[in-house]
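*Asks:* Sequence first, then the predicted structure:
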Amino acid sequence: MPRPIRTYISPDFAVAIKCGFASPGSDETISLMDIRNIAIIAHVDHGKTTLVDHLLKQSGAIRDNQQVQERAMDYNDQERERGITILAKCTSVEWSGTRINIVDTPGHADFGGEVERILSMVDGVVLLVDAAESVMPQTKFVLSKALKLGLKPIVVINKIDRSDGRPKETLEEIFDLFLALEANDYQLDFHVLYASGRQGWAVADLDSPRESLAPLFDRIVADVPRPKPVAQAGDDYPFTMLVTTLEADPYLGRILTGRIESGAITVNRQIKALSSDGRVVERARATKLLSFRGLARVPTDRAEAGDIVAIAGLEDATVADTLCDITVEMPLPGHPIDPPTLAITISVNDSPLAGREGDKVQSRVIRDRLLREAEGNVAIRLREVDDGAYEVAGRGELQLGVLIETMRREGFELAISRPRVLYKNDDVTGQRLEPIEEVTVDVDEPYAGIVIEKVSTRKGELRDMRSTGAGKSRLVFHAPSRGLIGYHGEFMTDTRGTGVMNRMFHGYAPHKGNIDGRSKGVLISTNEGEAVAYALWYIEERGKLFIVPGTRIYKGMIIGENARDNDLDVNPLKSKQLTNIRTHSKDEAVRLTPVIPPTLEQSIAYIEDDELVEVTPKSIRLRKRALLPHMRKKAEAEAEQG
């Protein structure tokens, strides 16, 4: 006999209606049987967040007169500056009596861990593919994860309004990708929609009227199954929930988000947290229960199985833990996450200028901050390697760069080492294996030759080359991760800024042998003080400068790149000698080439093993590990003997 459906309106939700965060007749009164949980997955820049904007507007979650910035889901400062999604975020809309919980996911390969853990709490996915760029590396990655979980995607070919769009060819490539990833017959029978996320319409046929996103809403309601946990909703079943995301709130403390797998939960209910091995982490009360309604999180009194909610009140529980009733003994199984492939060492800043710009400089404070990051980000691993030094392993340079930039803005001063790949040994042969990446390059045909040459010198293998029209070529390489560190800047120079390179972890392969590092040396300061324009004018003849006149420098700081392959010690403090002898050159103007300061990611990729990046809230400096010349010579001698 089917269970009766409960309908209720919480007092907190009534307040939310009054404040304008929700509307009367909103989904708080919708039966828990009418829920759809979906994730929107795609390659970076294929239009996920823009599409979510219009889904929110056309569903009524955002009022017509409400001021909302573009890409409303990307509210993080770095997300808006970089134009990418970094953190997966939940929202919710109502359509024809059905509440649709939507998860907006990152598109960059470095943040694939966010996508992997989010897919465990949804019942369907919308696969977004650019009509012009077609299938890209991250498209393959996110689709493979969805297919392994048995999810049936709804394919949306986006950006149909682009002049270079080729929807028919894109659909053929998508179908080929499904076959290559061994999709079953159920998954191969996917539905296709054509859309323009920016203009806010979707159609099932290219000849249909282009009016709204109603066809996409209807397809989601029809194709995405109801959450499986709904069958175990209600007080007759014990409450269980697998934590998927973790965030901190200054008022509520730790907020744990996930999908309720069985039972129901109410505010102030006594619950406990179990680790993946069944150990009790803590017992606490659920002091706050939050549901997602549009762009807001609305307090509610009760939630049942199948819904995605956020719970506050616990102090120690973290991602992959199970929140459950006191009587539950077995934790919910978690889904494995791909291991990290790249690591850097973060240590205390010990340069002569340390402590002048930041207020968080102690190793203890740095350690606590890194532990908090590793706790909430399942794709990051942390290991203490030395007194005051910590190895942070992640998916790529961008992910680690975002972490460092976040800490920098919080007032930390850090010293960062060169990234290095994480090797492993073959279980059978004992052979050393290294991570290999699939590199997809879209480049103008005249520059294809130089790209192939440069990637080949870095032990990359060309796997595919084809024309994509409009004078462009698409190149696909398999290259070692360590060979690609620092290549992006050189790639942009070689292609005159027109090339696009995307990387995705492919797998492990036998070690490819030695790869040459940076081809040029650096210019190293021999004095401490403020750089003088007159001295820099002469130093500029030796190479490219990284600093401008007036910059504070110290012994061992890298101030530029040498034109030759050796390091050169220079004096940036040398000033012009004043004499009473007349010369024609006495009034010669000092004209320096404008300096483009390197970004954090460029600096980290540029340095060698004997160098560090000094990161402070106001500055990014390059330096040698050993600041004094005789200490550098001693270290070189020891390295040669070793």
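*Replies:* Received it, and whenever you're ready, just let me know what you need.

*Asks:* Work out the gap between stretch 564-574 and the centre of the chain.
*Replies:* Averaging C-alpha positions (Cα atoms, centre = their mean, to the nearest Å) puts stretch 564-574 37 Å from its chain's average.

*Asks:* First-to-last residue distance for that stretch?
*Replies:* 22 Å (Cα to Cα, to the nearest Å).

*Asks:* With stretch 418-434 instead?
*Replies:* Span of stretch 418-434 from end to end, Cα to Cα: 17 Å.

*Asks:* And the contacts of that stretch?
*Replies:* 339-344, 393, 397, 400, 435, 480-482, 485, 508-512, 604-605, 607-609, 611 (Cβ atoms under 8 Å, 6 or more residues apart in numbering). Quick note: C-beta positions are derived from backbone N, CA and C, even for glycine.

*Asks:* Of those residues, which qualify as buried by neighbour count?
*Replies:* The neighbour count (16 or more other Cβ atoms under 10 Å) marks 340-344, 393, 397, 400, 435, 480-482, 485, 508, 512, 604-605, 607, 611 as buried among the contacts of stretch 418-434.

*Asks:* still on that earlier bit, now intersect the contacts of stretch 418-434 with the helices, please.
*Replies:* In helices, judged by DSSP state H, the following of the contacts of stretch 418-434 are found: 397, 400, 481, 482, 604, 605.

*Asks:* for these, which one is nearest residue 284?
*Replies:* Nearest to residue 284 out of the ones in helices among the contacts of stretch 418-434 is residue 400 (Cβ to Cβ; 33.1 Å).

*Asks:* In space, what's closest to that closest one - neighbours in sequence excluded?
*Replies:* Leaving aside its sequence neighbours, residue 400 sits nearest to residue 394 (Cβ to Cβ, 6 or more residues apart in numbering; 4.9 Å).

*Asks:* neighbours of that neighbour, just the number please.
*Replies:* Applying other Cβ atoms under 10 Å, we find 26 other residues in the vicinity of residue 394.

*Asks:* Equivalent analysis for the one 4 residues further on, please.
*Replies:* Neighbour count of residue 398, defined by other Cβ under 10 Å: 20.

*Asks:* Verify the contact between it and residue 602 for me.
*Replies:* No. At 11.7 Å, residue 398 does not count as touching residue 602 under the criterion of Cβ atoms under 8 Å.

*Asks:* ok, so what distance separates residue 372 from residue 417?
*Replies:* 21 Å (Cβ to Cβ, to the nearest Å).

*Asks:* Who has more neighbours out of those two?
*Replies:* residue 417 (22 against 13).

*Asks:* and the closest residue to that one other than its chain neighbours, how far is that from residue 634?
*Replies:* Nearest non-adjacent residue to residue 417, counting by Cβ to Cβ, 6+ apart: residue 345, 4.0 Å away. Residue 345 sits 21 Å away from residue 634, going by Cβ to Cβ.

*Asks:* if you count what's nearby, which of the two comes out ahead?
*Replies:* The neighbour count for residue 345 versus residue 634, taken as other Cβ under 10 Å, is higher for residue 345 (18 against 12).

*Asks:* Might one say that the more buried one is in contact with residue 400?
*Replies:* No. Judged on Cβ under 8 Å, residue 345 makes no contact with residue 400 at a distance of 10.9 Å.

*Asks:* Show me the common contact partners of the two, please.
*Replies:* Joint contacts of residue 345 and residue 400 (Cβ under 8 Å, 6+ apart) are residue 392.

*Asks:* Neighbours of residue 454, how many?
*Replies:* Neighbours of residue 454 using other Cβ under 10 Å come to 15.

*Asks:* tell me which element it falls in.
*Replies:* helix 448-457 (DSSP states H and E).

*Asks:* got it, and residue 128?
*Replies:* strand 124-130.

*Asks:* Which parts of the stretch 101-250 of the chain are strands?
*Replies:* 124-130, 153-158, 192-196, 201-203, 240-249 (DSSP state E, counting those that start in this stretch).

*Asks:* Tabulate those (TSV), appending mean pLDDT, mean neighbour count and distance to residue 50.
*Replies:* Formatted as TSV, the strands of the stretch 101-250 of the chain follow (pLDDT from 0 to 100; neighbours: other Cβ atoms under 10 Å; distance: least, Cβ to Cβ, whole Å):
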stretch	mean pLDDT	mean neighbour count	distance to residue 50
strand 124-130	93	24	10
strand 153-158	94	24	9
strand 192-196	93	22	10
strand 201-203	93	24	13
strand 240-249	87	20	22
